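> Starting from these lines, generate the structure:
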Amino acid sequence: MSSTSLSMADSALHARVREKLNVENIKLWTEPFYEISSKMVVDSEIIALASRYATELRLQEVDTIDCMFVLQRNALERLAERELFKSTGLSTVRVKFSGFSTNNTKDGNIQRIQINLSKMSGKELKALIAEIGSIDENRLKLICLGRVINESAILEQQNVKNGSQIMVLCVAGSGSVQIALQENEDQFRQLEETRVAADYLAGRDQADMYSLQVADQHGKTLELPPAEKRALAISLALHEKGRGSMRVGEFSKALVFLLEADSVYCQCHSGILDMVDNYGMLNLDIAWCYLTLQSIAELPAVEVRLTKSEKALHRSYGENMERVIALKGSSGWEAALFVRLHLLQGIAAYHLGQIEKSKFYIKKVDSEIERLRVSDEQLADLINMGYNEDEARMALRATYGNLEASVNYIVLKHDEQTAVKKQEKEDLRRRKLQKRLGSTENGDPVNVNLFQNMREMGYNPFLANAALKRANNDINAALQLVLDNIFISSVISSLQDNASSSSTGSSSSEPVPVTQPVSTSVPISSQLPPLSRSLEMLMDQAFDLPDTPDEQSPEEIERSQKAYESLSTGIGSESDYIDLSLSSETQYLEQYKNLLQV
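Modelled structure (predicted):
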């Protein structure tokens with residue numbers, strides 16, 4: 001049996017009527033509205049109730065009557081489904097085709113099918129749905145309760161229940177079966193490559209050039225347990241891939257990536273999720289995909305996601321978000337996110353029958369978009385100065401249309417980006433230095449700042465590092481050690497032994513000659529007799545940081561490079577994935593303003 005999904009206006013009407021029925025505890029499948037013995041609908045009672053509701057809710061009477069009969073029919077169908085499940089064990093699931101049409105189905109059509117959830121796998125269900133829709137199964141992805149259905153697992157194990165609705169996405173393009181199969185394999189491979197690449201780079205040493213670090217919204221690297229770091233890295237990578245698909249309008253494909261990211265995020269402790277704002281952003285992106293794909297049945301879950309997103313934005317920008325943005329002068333893509341959030345909240349409220357709440361958010365979005373509107377003439381002026389359209393629009397929004405201030409804003413942002421890149425380079429250098437310094441005798445990392453202080457005081461880096469290791473980062477004890485002849489002799493002896501054992505073809509007890517020039521800028525100590533030229537050169541070479549070769553093998557470097565390229569392909573800046581012109585948001589706004597008559 002098939003049916004067509006509700007229109008946007010009908011969805012809100014049904015929600016309002018259903019809510020009033022629940023408040024009054026009226027059951028349309030019982031008397032006086034339905035005679036159980038004869039299984040006959042009592043039309044007069046339904047029409048009388050609908051007329052009263054139309055008056056009280058200020059609705060069109062004919063629409064309310066139609067709505068009441070539809071609600072009654074749905075209730076009776078669900079009762080029949082429960083009886084079928086009790087007597088036969090067969091469950092009824094509703095299958096909605098979203099975002100595409102076939103010869104046998106239309107976009108938004110809903111099919112009711114009976115299956116055994118305890119025996120059928122995800123793959124078998126997909127084959128059945130493909131047969132119903134006359135479409136190759138390799139093109140399909142199935143989603144239930146915000147999760148992509150696992151083809152290899154039994155449906156019952158995936159929390160699919162009697163009465164569940166399954167969203168069917170077509171994630172491959174048109175063409176032959178062979179092309180569809182190849183596209184599906186490519187998408188699966190991309191998904192797995194993203195997982196593997198993120199997992200590999202997250203496990204690399206922080207000093208490696210291609211290591212993957214997880215930072216909070218302020219850019220500070222988070223110190224996380226290895227398992228949590230890997231989970232966050234994988235989810236962030238999948239999220240970015242989903243954003244890339246959103247940017248090019250592939251919302252079905254994007255939703256698959258985003259829901260996969262959500263499933264990995266859920267493996268993390270809630271306290272860790274509070275440290276990064278990406279989880280809130282992910283929920284906003286998932287909600288936007290559902291809206292674009294017109295999946296009204298997911299709206300209750302969307303409302304929960306929007307609440308999570310709002311909390312994340314509050315954490316990032318404070319409770320009074322708009323005022324903070326105005327004070328920061330950052331009204332670029334962040335402000336567009338607030339518009340999208342409030343728009344989705346208004347739309348979700350509308351389809352849940354919360355009309356007054358919906359009107360509040362829709363009016364809010366209307367004023368926000370008007371405030372963010374920029375002059376085409378000023379935009380053209382900045383573009384003619386050599387700035388791109390996105391940064392020009394962001395600057396004009398941040399400065400409320402002041403052209404001179406907009407130029408200063410753009411220059412400031414460029415300087416900030418340069419400073420961030422410089423800081424990232426310095427952080428990488430420090431991580432490499434930290435790796436080079438090693439650990440103290442009690443197992444703590446050698447303090448980089450103390451080591452650099454000793455270098456600035458003129459001590460040889462190798463000797464300073466050895467002293468800090470022995471002194472367990474006690475700077476006073478380390479300074480005494482570098483003046484101690486016995487300690488210095490032991491360090492030199494150890495260094496000579498290492499040099500002799502690492503040399504090949506040499507039986508001499510003298511240090512191996514070094515061809516690098518002596519570093520005269522870092523004498524060991526003016527209070528000690530000078531070392532031989534070869535010893536001082538050997539100590540300099542032992543801590544020659546700029547020329548220290550990468551400890552990774554060529555194979556590891558190649559794998560790291562490929563992993564990095566896999567993750568970076570198709571990923572843009574924050575402003576890239578959301579249209580700063582707000583054209584889509586404006587279209588939805590006008591649509592719901594008409595529905596709400598505001």
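> Do a quick rundown of the strands in the chain.
Remark: strands assigned in the chain by DSSP state E are 2-4, 34-35, 40-41, 91-98, 109-115, 140-144, 147-148, 165-170.
> what's the closest of these to Thr418?
Across the strands of the chain, Thr418 has its closest neighbour in strand 147-148 (40.7 Å, CB to CB). Any C-beta I mention is one placed from the backbone N, CA and C, and that applies to glycine too.
> which one is Asn159 nearest to, not counting chain neighbours?
Spatial nearest neighbour of Asn159, chain neighbours left out: Leu145 (6.0 Å); criterion: CB to CB, 6 or more residues apart in numbering.
> which ones are touching that neighbour?
The neighbourhood of Leu145, defined by CB atoms under 8 Å, 6 or more residues apart in numbering, consists of Asn159, Val160, Ser164, Ala301.
> From Leu169, how far off is the closest residue in space to the third one that isn't next to it in sequence?
So that's Ser164. Counting by CB to CB, 6+ apart, Ser164 lies nearest to Val93, which is 5.1 Å off, once chain neighbours are set aside. To Leu169, Val93 is 16 Å away according to CB to CB, to the nearest Å.
> Val160 now?
Distance, Val160 to Leu169, using CB to CB: 16 Å.
> how about CSV for the strands of the chain, with distance to Lys27, mean neighbour count and mean pLDDT added?
Converted to CSV, these look like this (distance: least, CB to CB, whole Å; neighbours: other CB atoms under 10 Å; pLDDT from 0 to 100):
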stretch, distance to Lys27, mean neighbour count, mean pLDDT
strand 2-4, 22, 14, 45
strand 34-35, 9, 16, 92
strand 40-41, 13, 13, 92
strand 91-98, 20, 23, 87
strand 109-115, 22, 17, 85
strand 140-144, 28, 22, 86
strand 147-148, 32, 19, 83
strand 165-170, 22, 22, 84
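> Switch those over to JSON lines; also include distance to Gln72.
Conversion of those to JSON lines gives the following (distance: least, CB to CB, whole Å):
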{"stretch": "strand 2-4", "distance to Gln72": "14"}
{"stretch": "strand 34-35", "distance to Gln72": "7"}
{"stretch": "strand 40-41", "distance to Gln72": "7"}
{"stretch": "strand 91-98", "distance to Gln72": "18"}
{"stretch": "strand 109-115", "distance to Gln72": "17"}
{"stretch": "strand 140-144", "distance to Gln72": "26"}
{"stretch": "strand 147-148", "distance to Gln72": "32"}
{"stretch": "strand 165-170", "distance to Gln72": "20"}
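> burial count for Glu124?
Neighbour count of Glu124, defined by other CB atoms under 10 Å: 15.
> Could I get the pLDDT score of Asp381?
We note a pLDDT of 89 for Asp381 in this prediction.
> Leaving out sequence neighbours, find the closest residue to it.
Leaving aside its sequence neighbours, Asp381 sits nearest to Leu403 (CB to CB, 6+ apart; 6.2 Å).
> show me what contacts that neighbour?
Gln378, Asp381, Leu382, Leu396 are the contacts of Leu403 under CB under 8 Å, 6+ apart.
> ok now do the first one, which residues does it touch?
With contacts defined as CB under 8 Å, 6+ apart, Gln378 is in contact with Leu396, Gly401, Leu403, Ser406.
> State the mean pLDDT of the longest helix seen in the chain.
Using DSSP state H to define each element, the chain has its longest helix at helix 403-437. For helix 403-437, the mean pLDDT works out to 81.
> buried sites along it?
Across helix 403-437, burial judged by 16 or more other CB atoms under 10 Å covers Ser406, Val407, Tyr409, Ile410, Lys413, Leu428, Arg431, Lys432, Leu433, Gln434, Arg436, Leu437.
> before we move on, what about stretch 46-59?
Within stretch 46-59, the residues that count as buried by 16+ other CB under 10 Å are Ile46, Leu49, Ala50, Tyr53, Ala54, Leu59.
> can you tell me which of those residues lies nearest to Gly122?
Using CB to CB, Ile46 is the member of the buried residues of stretch 46-59 that sits closest to Gly122, with 39.9 Å.
> Just the buried ones among the contacts of Leu145, please.
Val160, Ser164, Ala301.
> Check which residues of stretch 255-268 are buried.
Buried, per 16+ other CB under 10 Å, within stretch 255-268: Leu255, Val256, Phe257, Leu258, Leu259, Glu260, Ala261, Asp262, Val264, Tyr265, Cys268.
> Inside helices: which ones of the contacts of Leu145?
Among the contacts of Leu145, DSSP H puts Ala301 in helices.
> For the contacts of Leu145, which two are the farthest from each other?
Once CB to CB is applied, the contacts of Leu145 give Val160 and Ala301 as the farthest pair, at 14.8 Å.
> what stretches of the stretch 451-598 of the chain score poorly on pLDDT?
For the stretch 451-598 of the chain, the stretches with pLDDT under 70 are 496-580.
> Go ahead and name everything in contact with stretch 586-598.
Contacts of stretch 586-598 (CB under 8 Å, 6+ apart): 8-9, 12, 291, 343, 346-347, 350, 355, 358-359, 362-363, 365-366, 369.
> Only whichever of the residues you listed are buried, select them in PyMOL.
Selection command for PyMOL covering only the buried members of the contacts of stretch 586-598, criterion 16+ other CB under 10 Å:
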select buried, resi 12+291+343+346+347+350+355+358+359+362+365+366+369
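> ok, the contacts of stretch 586-598 vs Val448, which is closest?
Each of the contacts of stretch 586-598 was scored against Val448 by CB to CB, and Leu343 proved nearest at 47.5 Å.
> returning to what we had before: can you give me every residue that contacts the residue nearest to Ser164?
Residues in contact with Val93 (CB under 8 Å, 6+ apart) are Arg112, Ile113, Ile115, Leu117, Val160, Asn162, Gly163, Ser164, Gln165, Ile166.
> same deal with Ala466?
Counting by CB under 8 Å, 6+ apart, Ala466 touches Leu481, Phe487, Val491.
> Identify the spatial nearest neighbour of Ala392, chain neighbours not counted.
Sequence neighbours aside, Leu382 is the residue nearest to Ala392 in space, at 3.7 Å (criterion: CB to CB, 6+ apart).
> For Gln114, list each beta-bridge partner.
Thr92 (DSSP bridges).
> surely it meets Leu90?
Yes - contact criterion CB atoms under 8 Å: Gln114 and Leu90 qualify, at 4.4 Å.
> before we move on, the earlier item: could I get the phi/psi values of the residue nearest to Asn159?
phi 50, psi 40 (degrees, to the nearest 10).
> any idea how far it is from Asp366?
According to CB to CB, Leu145 and Asp366 sit 33 Å apart.
> likewise Ala380?
Distance of Ala380 to Asp366, computed by CB to CB: 26 Å.
> Can you tell me, leaving aside adjacent residues, what's nearest to Ile132?
Gln111 (5.8 Å).
> What's the separation between the one you found and Ile129?
In terms of CB to CB, Gln111 sits 8 Å off from Ile129.
> can you list residues touching both of the two?
Common contacts of Gln111 and Ile129 (CB under 8 Å, 6+ apart): Val95.
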